[in-house]
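1. no sequence on this one, just coordinates:
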């Protein structure tokens, strides 16, 4: 979704993959902002610090994307030189949401709603808002240390919109996927050729625009998973085979069923054995 948003404004000439953070965040330390480019944020190769590690342990009020910018603005170090390694980063997605707000002059949620949700007629897809009621919303749960199911619907990081906060259903996800097949808003595969990074050393697994993927000849395999307070999900897309597997659950860290599905698909040679989904899953945690 975020890759689509960035591609939409890039088509309008508002940003470039080569733009540095210093163009948008003059308050950042130059050690950080002069080295990181938008393409690094879109491929998790920026080396920027995880904002979650900077949140005071005493904080109870939910973090917003603008708060992430404030937390990172005072930092003058990186995990590694941008473009040299892969490290999954929610910080990068939050910064991308703020860049979209800066160049469009609109709140990120409104931009996504007007430029993605409405054109695609995604009628059951929303950004979470504590002040408005969402129809038929499932609450999130988790397992306690004693293996009891407990309510775990929100956390201090549940309100950031750049790295999550979207609620949807299987029907709308199918519509979203069809838009990727038909290049309705942008051509994903053309853009992935331009902005990608190696997700693992000595592996065909790459990452770009919200997807782990492999490409052999003209055959693509794309995958992503996610876990947050009370929810787990995953998607596997094999466009040439016209296969889409979407897994949504309102239980935290619930990837057991997903791994069993992957084993069955591998056993029947539906997916390529060179694609290590377990490693891809571990990279998002």
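-> That came through, no problem. Keep in mind that this is a model prediction, so the values were computed, not measured. Numbering: from 1, shown residues only.

2. what is the longest helix anywhere in the chain packed up against?
-> Ranked by residue count under DSSP state H, the longest helix found in the chain is helix 90-104. In terms of contacts (3 or more CB pairs under 8 Å, 6 or more residues apart in numbering; DSSP states H and E), helix 90-104 is packed against helix 2-11, helix 38-42, helix 65-73, helix 108-112. Backbone N, C-alpha and C define where each C-beta goes, glycine included.

3. quick one: it to chain centroid distance?
-> Mean-position distance between helix 90-104 and its chain equals 12 Å (CA atoms, centre = their mean, to the nearest Å).

4. and that helix, which residues are buried?
-> 90-101, 103-104 (16 or more other CB atoms under 10 Å).

5. winner for burial among the helices and strands packed on helix 90-104?
-> helix 38-42 (a mean of 24; mean count of other CB atoms under 10 Å).

6. what packs against it?
-> Packing partners of helix 38-42 (3+ CB pairs under 8 Å, 6+ apart): helix 2-11, helix 90-104.

7. weakest of those helices by average pLDDT?
-> Ranked on mean pLDDT, the bottom entry among the helices and strands packed on helix 38-42 is helix 2-11, at a mean of 76.

8. who are the packing partners of that helix?
-> helix 38-42, helix 90-104, helix 108-112, helix 188-194.

9. one more time with 6 Å
-> When contacts are defined as 3 or more CB pairs under 6 Å, 6 or more residues apart in numbering; DSSP states H and E, helix 2-11 packs onto helix 90-104.

10. pull the residues that contact the helix it packs on.
-> For helix 90-104, the surrounding residues in contact (CB atoms under 6 Å, 6 or more residues apart in numbering) are 2, 5, 14-15, 24, 41, 46, 48, 50-51, 65, 68-69, 108, 111, 160-163.

11. tell me the contacts of residue 195?
-> Contacts of residue 195 by CB under 6 Å, 6+ apart are 17, 39, 42, 208.

12. identify the residue nearest the second one in space, chain neighbours excluded?
-> So that's residue 39. residue 17 (4.1 Å; CB to CB, 6 or more residues apart in numbering).

13. got the angle for the longest strand that the chain contains vs helix 90-104?
-> Assignment by DSSP state E gives strand 219-228 as the longest strand of the chain. With axes from the mean of the first three to the mean of the last three CA atoms, to 10 degrees as the basis, strand 219-228 and helix 90-104 are set at 100 degrees to each other.

14. how far is strand 219-228 from where the chain is centred?
-> With CA atoms, centre = their mean, you get 10 Å for strand 219-228.

15. for it, packing partners?
-> strand 211-216, strand 231-238.

16. so which of those strands gets nearest residue 190?
-> strand 211-216 (12.6 Å; CB to CB).

17. in the closest one, what counts as buried?
-> Across strand 211-216, burial judged by 16+ other CB under 10 Å covers 211, 212, 213, 214.

18. the longest strand of the chain: which residues count as buried?
-> 220, 221, 222, 223, 224, 225, 226, 227, 228.

19. ok, the second one to residue 92 distance?
-> The reference is to residue 221. Residue 221 is 23 Å from residue 92, where distance means CB to CB, to the nearest Å.

20. one more: residue 229?
-> Residue 229 is 20 Å from residue 92, by CB to CB.

21. part of a helix, is residue 32?
-> Yes - according to DSSP: H, G, I helix; E, B strand; the rest coil, residue 32 belongs to a helix.

22. burial count for it?
-> 23 (other CB atoms under 10 Å).

23. where in this structure is pLDDT low?
-> 1-2, 273-282, 284-285 (pLDDT under 70).

24. go ahead and flag the most central residue of this structure.
-> residue 210 (4.9 Å; CA atoms, centre = their mean).

25. verify the stated contact: that one with residue 6.
-> No - judged on CB atoms under 6 Å, residue 210 makes no contact with residue 6 at a distance of 9.7 Å.
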